[in-house]
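Enquirer: one predicted model, sequence on top.
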Amino acid sequence: MLKYDIQNRNAFSCLNTNKNIFNFTTRSHQILVLFLLFLCFSACKNNQNKNEETLKIEAPKEDSTDISAISTKQFREFEVLDSRQMSRLDIWTPFNAAMSEFTTEDYERLKPLILDQDILSLQSQITNGNLSYELLTKFYLYRIREFDRENDLSLNSVISINPMVIEEARMKDKELKYNANRHLIYGMPILLKDNINASGMSTTAGAVALRNNRTSDAFLVQQIKSAGGLILGKANLSEWAYFFCGNCPSGYSALGGQTLNPYGRKLIDTGGSSSGSAVAVAANFCAAAVGSETSGSILSPSSQNSVVGLKPTIGLVSRSGVIPISETLDTAGPIAKTVGDAAILFDAMYGFDKDDKKAIRTNYTKGFYYGNLEKNAVEGKRFGAVKRLLEDTLYTQAIASLKDLGATIVEIDETQVDLPNFIRLLNLDMKKDLPAYISNHANPSVKISNIQDVIDFNTQDSVSFMPYGQALFRGIVADKGDAQYLRRIKDTLKTNGRKFFEQPFNAEKLDGFLSINNYHAGYAAVAEYPAITVPMGYTENGAPKGLTFIARPNQEKNLLKWAKTYEQASKKRIAPVDYN
């Protein structure tokens, strides 16, 4: 592929526009040609200068409340669709021999046993001898190979496959008889967002600069494996967890290409930044997936793709070995088709990590989070419903369902507080946290060591490495805030975030707060409150929406119980039609 930058592309455009000039042959015409070319290149240079001016990043202003760069955006046209860095062959050539005996007939036979089934059903089929972990794994691999890249239904949701996953699935089958009391995650193929370290694969954050970042397992991956889970592969994401370009669509990365929504391919936004994780779950490419969130990055894609996403209290799930934005706000969490499956994966993931400064030690035994979710858990509970959201018919229908289940709904006005310098918190955290990750958890061969190194690397081939620019990374470098200023930002944001929720919680004696999608994710992020989103239906154009429950810290069990009760009563999720 030819490599060229914006300046050369503009010059080429000018030459192309004026190519008929060269048909003149007289001397006077040649002089005229030279003069016109001079004007053309001058105009191109002026246009280039104007473009460069629009890309200049000023130092962030004090008390800025603008978080639009990382919030949900309107759907926009794509400049890039398929990856320029990898192909379907790159992913599947190593698996051709192992998958050669798995036929289309095998796939069709297994479809009723696996497609859109929850983890309990899958485990039951395996226990009854109708299925094996190896066949389950091959079924998902077959679907990814058929649907995910370079065809009319491609979603670009998977960025790499664990080269050992089939052999590991066979081992799970062999060891099954010795694991009578196994965790429900045992043998389940799980996809990881590609900012989470896992052995046997690179961890890239979707960035070309990290394409060879082969690492050992992150702590949370160790937890999943110790419970018996299988790591199927890595899911695509919004590059650098969506804190990179500022003017790009959700779900795009230079390595993985543009992730697309199975409910409206090229029509409905995927949400981000855990775009590939949510899309892969919706399209039945895995039993469940792991995403990560700083502010809305689990809630947004989960709701946009009609699946369940849990953003836990920061510290319950380790962040060690996860490429960071902000050690203040980052957390990983489960994404699944059902609340029960999300609970099973979360139960396998959580655990105290002594190397995570915000780690929370619990006394819960394995099985705590997915046990006893079946009974009506909302009866007698008080939930705050935001008045301005009551114009949304799906939201009002969800509230009616909760009322029918015995919940008390209190209509509330949102507490008027700002989130000043939210972007600056992310700037100043990432400026120090990314170098720390590279020093402690990246492959020693990785050549970058800080944000400026990434910027410099990308300018080598801007069209391939950063087609939407890297404005947010430039903003990080331009931000000169010091450690003392960062502490002040953190304190202010946490105080304001807690005030946003605690004022109605205390005044109305609320148990939980009801939102839509990731509408209040910024407040939940800085308050460090957990949240879960559950499918609540579809708009007239088919776009999914989620009912989001938010609660006080360490209330994940209650969130799962409330969400499960609503899920069972409403049964709103419908699988994407074209992928069944």
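Expert: Okay, I see it.
Enquirer: any weak-confidence spans in the stretch 201-350 of the chain?
Expert: The model of the stretch 201-350 of the chain has no residue with pLDDT under 70.
Enquirer: what is the neighbour count of the residue lying closest to residue 407 once chain neighbours are set aside?
Expert: The shortest distance from residue 407 to any non-neighbouring residue, by CB to CB, 6 or more residues apart in numbering, is to residue 378 (4.2 Å). Where you see a C-beta, it was placed from the backbone N, CA and C, and this is true even at glycine. Using other CB atoms under 10 Å, residue 378 is surrounded by 26 other residues.
Enquirer: helix, strand, or coil at residue 378?
Expert: Under DSSP: H, G, I helix; E, B strand; the rest coil, residue 378 falls in the coil class.
Enquirer: go on, residue 348?
Expert: helix.
Enquirer: circling back to that earlier point, if I look at the residue nearest to residue 407, how far off is residue 350?
Expert: Using CB to CB, to the nearest Å, residue 378 is found at 24 Å from residue 350.
Enquirer: and for residue 188?
Expert: Relative to residue 350, residue 188 is positioned 16 Å away (criterion: CB to CB).
Enquirer: cool, and residue 511?
Expert: As for residue 511, its distance to residue 350 is 22 Å (criterion: CB to CB).
Enquirer: what do you get for residue 306?
Expert: Residue 306 sits 25 Å away from residue 350, going by CB to CB.
Enquirer: and the strands in the stretch 401-550 of the chain?
Expert: With DSSP state E, counting those that start in this stretch as the criterion, the stretch 401-550 of the chain has strands at 408-412, 512-516, 531-538, 544-550.
Enquirer: so which of these is nearest residue 354?
Expert: The closest of those to residue 354 is strand 531-538. By CB to CB, the value is 26.6 Å.
Enquirer: got the CA coordinates for the closest one in PDB?
Expert: Extracted in PDB, the C-alpha atoms of strand 531-538 (Å, rounded to 0.1, in the frame of the first residue of the first chain):
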ATOM      1  CA  ALA A 531     -24.000   0.500  37.400                       C
ATOM      2  CA  ILE A 532     -25.600  -2.100  35.200                       C
ATOM      3  CA  THR A 533     -27.500  -1.800  31.900                       C
ATOM      4  CA  VAL A 534     -30.100  -4.200  30.700                       C
ATOM      5  CA  PRO A 535     -31.900  -4.300  27.300                       C
ATOM      6  CA  MET A 536     -35.200  -2.300  27.500                       C
ATOM      7  CA  GLY A 537     -36.300  -2.400  23.800                       C
ATOM      8  CA  TYR A 538     -35.700  -0.800  20.500                       C
END
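Enquirer: packing partners of that strand?
Expert: Contacts defined by 3 or more CB pairs under 8 Å, 6 or more residues apart in numbering; DSSP states H and E place strand 531-538 against helix 299-304, strand 308-311, helix 339-349, helix 393-404, strand 544-550, helix 556-570.
Enquirer: that strand vs strand 544-550, what angle?
Expert: Calculated by axes from the mean of the first three to the mean of the last three CA atoms, to 10 degrees, strand 531-538 forms an angle of 150 degrees with strand 544-550.
Enquirer: related to what we said a few turns ago, turn the strands of the stretch 401-550 of the chain into CSV, columns for distance to residue 484, mean pLDDT and mean neighbour count.
Expert: Formatted as CSV, those follow (distance: least, CB to CB, whole Å; pLDDT from 0 to 100; neighbours: other CB atoms under 10 Å):
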stretch, distance to residue 484, mean pLDDT, mean neighbour count
strand 408-412, 36, 98, 15
strand 512-516, 33, 98, 24
strand 531-538, 31, 98, 27
strand 544-550, 31, 98, 28
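Enquirer: please identify the buried residues of stretch 196-212?
Expert: Judged by neighbour count (16 or more other CB atoms under 10 Å), stretch 196-212 contains these buried residues: 196-211.
Enquirer: neighbour count winner among residue 511 and residue 350?
Expert: residue 350 (26 against 20).
Enquirer: all helices of the stretch 151-300 of the chain, in order?
Expert: 165-175, 219-226, 275-282, 299-304 (DSSP state H, counting those that start in this stretch).
Enquirer: dump those helices into a markdown table; add distance to residue 236 and mean neighbour count as well.
Expert: A markdown table is the format used below for the helices of the stretch 151-300 of the chain (distance: least, CB to CB, whole Å; neighbours: other CB atoms under 10 Å):
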| stretch | distance to residue 236 | mean neighbour count |
| --- | --- | --- |
| helix 165-175 | 18 | 17 |
| helix 219-226 | 18 | 22 |
| helix 275-282 | 3 | 34 |
| helix 299-304 | 11 | 34 |
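Enquirer: can you redo the ones you listed as CSV with distance to residue 440?
Expert: Listed next are those as CSV, based on distance: least, CB to CB, whole Å:
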stretch, distance to residue 440
helix 165-175, 27
helix 219-226, 12
helix 275-282, 24
helix 299-304, 28
